[in-house]
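>>> Dropping a prediction and its sequence here:
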Amino acid sequence: MSSPTQSSITEATIQQSTDTHNGGKAPKRGMTDNELRPTTRSKGMKANAEVPKTIEKIIKDTAQVNDSKYYLTSLIFPDKVLLELPATERTPSPIPAKAVSLPGAPLTPPRDTRRATPKISPRPIQEGVTNMLIKRRKELFVSEEVQYLGKPNMVTTDYSFMHSKDFKANVAVLAEHLQEFKRATEAHRINPQDHIRPNEPTPITFAVVVRIDSDSPFLRSDSAWSPQSRSTFPKTKQTFIGRRALHEVFYEDHDLSMAHLASLFELACEYGLPGSRGVFTPSGADRQAIKFRNALFTRFGFNERKEKLADNDPRAALQIENWLTHTDAASSELEKIKATHTVNFLNAYNISGNLIFPADYQKELEGATCIVYFNLLHWSFNSTDTLAADVVSLSVLQAAYRQGPTPSPKRTIALKDPFSPSKRQKVEEE
């Protein structure tokens, strides 16, 4: 910014130059542009007279040029002197307090403040899912709590079946634990004073990865019970079918799991596995899937007391007093057993590890790829072997793919009958 002294000198110099070119007369207020033009032309000066170097230097020193390209008109000769400063000599002007539109300056379009939607490639998502499934598969291979049926080195002869009073059926246990139980039982029988009665061996929990059928009506909280069902309401069971998982990580494990499961049941079957029923779908040599079940209700003793929860407690939906039913017939039967039974809700957990509540069983589980943890049960009666896979817990690995509604095709509205004889005759004439 120039000092007051420099400003006054500049104004004096411009005024002196103006007086010289106007015949020594100072310009009057209100004079037009034609009156301000130089009068030295009559004295022999050329029309396109060159600008004095003093004025040219003053204009260059005092002008401030914007970033946008425009032409600066001289204060002295607005119609004669047009100077364009080179781009190398331009200096940026200070940002004005208020936007000013200059004549001839190009308008800058407004900046788009909307956030662009990031383009996410499906490849990282697929790789993340694959890595997660590989990790879960490795955990199943090394787990000591469960026996994964998809392990190639699994030895089925390490297991055996024994009758359990709690299950009222033959359950699969480790053969080693069964032998220890028999020895301890015999020692207690011979000398009950020195040997206590042993506890039954813990049933083995097996695991398999399957894809639950997309249509599983008996997975509902009331197992779709009706008065026409084979069992009574207190003995009704949730059931669903588990088929081959479609992901490449677990795809090949299905055949091995089915073979190991068949070998385990052959250890217990008295009348042969081909004639058995209950767990394989379809039964016999064409088995392709596993049928799982969960007994909904259990009768408790007279001395047992149930813990009552407040209505606003989320766990209250898991008690028999608030258990969800879908029909009036099931609701009526539920009222009859509230005082004598308790609910065995399904221990199913979604992909985030949260418990799935009864209202969402079908929504969350149908079509999902899951790890099913279960016990193996066996009965023999009426010359037939009955097998069962009782669910202990269930963990979702991949949620079901939900396809939206298919849009109906557009239909043209015909105001006249397109098949009328008159319309066909008119078309043929044309």
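Yep, that arrived.
>>> residues near the closest residue to residue 276 other than its chain neighbours, how many?
Leaving aside its sequence neighbours, residue 276 sits nearest to residue 385 (Cβ to Cβ, 6 or more residues apart in numbering; 4.1 Å). C-beta coordinates here come from the backbone N, C-alpha and C atoms, glycine included. The number of residues packed near residue 385 is 21, by other Cβ atoms under 10 Å.
>>> And the host helix or strand of residue 385, what's buried?
According to DSSP states H and E, residue 385 maps onto strand 384-398. Using 16 or more other Cβ atoms under 10 Å as the burial criterion, the residues of strand 384-398 that qualify are 385-398.
>>> The residue nearest to residue 276 against residue 275, yeah?
Yes. If you go by Cβ atoms under 8 Å, residue 385 and residue 275 touch, sitting 6.9 Å apart.
>>> who touches both of these two?
Residues within reach of residue 385 and of residue 275 at once, by Cβ atoms under 8 Å, 6 or more residues apart in numbering: there are none.
>>> Now for residue 396: which residues touch it?
Applying Cβ under 8 Å, 6+ apart to residue 396 gives the contacts 348-351, 364-365, 368-370.
>>> again, only this time at 7 Å
349-351, 364, 368, 370 (Cβ atoms under 7 Å, 6 or more residues apart in numbering).
>>> Could you measure from it over to residue 217?
Distance of residue 396 to residue 217, computed by Cβ to Cβ, to the nearest Å: 19 Å.
>>> same thing with residue 282?
Here residue 282 is placed at a distance of 19 Å from residue 217 (Cβ to Cβ).
>>> of these two, who's got more company?
Neighbour count, other Cβ under 10 Å: between residue 282 and residue 217, residue 217 has more, with 13 against 9.
>>> Residue 224 is in contact with the more buried one, correct?
Yes. Judged on Cβ atoms under 7 Å, residue 217 makes contact with residue 224 at a distance of 4.7 Å.
>>> Residue 191: how many residues sit nearby?
The tally of other residues near residue 191 (other Cβ under 10 Å) stands at 9.
>>> helices and strands around the strand or helix carrying residue 181, which ones?
Applying DSSP H and E as the criterion places residue 181 in helix 175-190. Using 3 or more Cβ pairs under 7 Å, 6 or more residues apart in numbering; DSSP states H and E, the elements in contact with helix 175-190 are strand 159-164.
>>> got the angle between the strand it packs on and helix 175-190?
Counting by axes from the mean of the first three to the mean of the last three Cα atoms, to 10 degrees, strand 159-164 lies at 40 degrees to helix 175-190.
>>> List the buried residues for strand 159-164?
159-162, 164.
>>> on that earlier part again, pretty sure the residue nearest to residue 276 contacts residue 274?
No. Counting by Cβ under 7 Å, no contact exists between residue 385 and residue 274, whose distance comes to 9.8 Å.
>>> what about the helices in the protein?
Using DSSP state H, the helices of the chain run over 4-21, 33-36, 53-62, 122-142, 175-190, 248-251, 253-266, 328-337, 361-365, 421-429.
>>> Quick check on residue 245: phi, psi?
phi -70, psi 140 (degrees, to the nearest 10).
>>> where's it relative to residue 288, distance?
Distance, residue 245 to residue 288, using Cβ to Cβ: 13 Å.
>>> Compare neighbour counts for the two and give me the winner.
A direct count of neighbours by other Cβ under 10 Å for residue 245 and residue 288 places residue 245 higher, at 24 against 13.
>>> dump the residue contacts of the more buried one.
Contacts of residue 245 by Cβ under 7 Å, 6+ apart are 209-211, 251, 254, 369.
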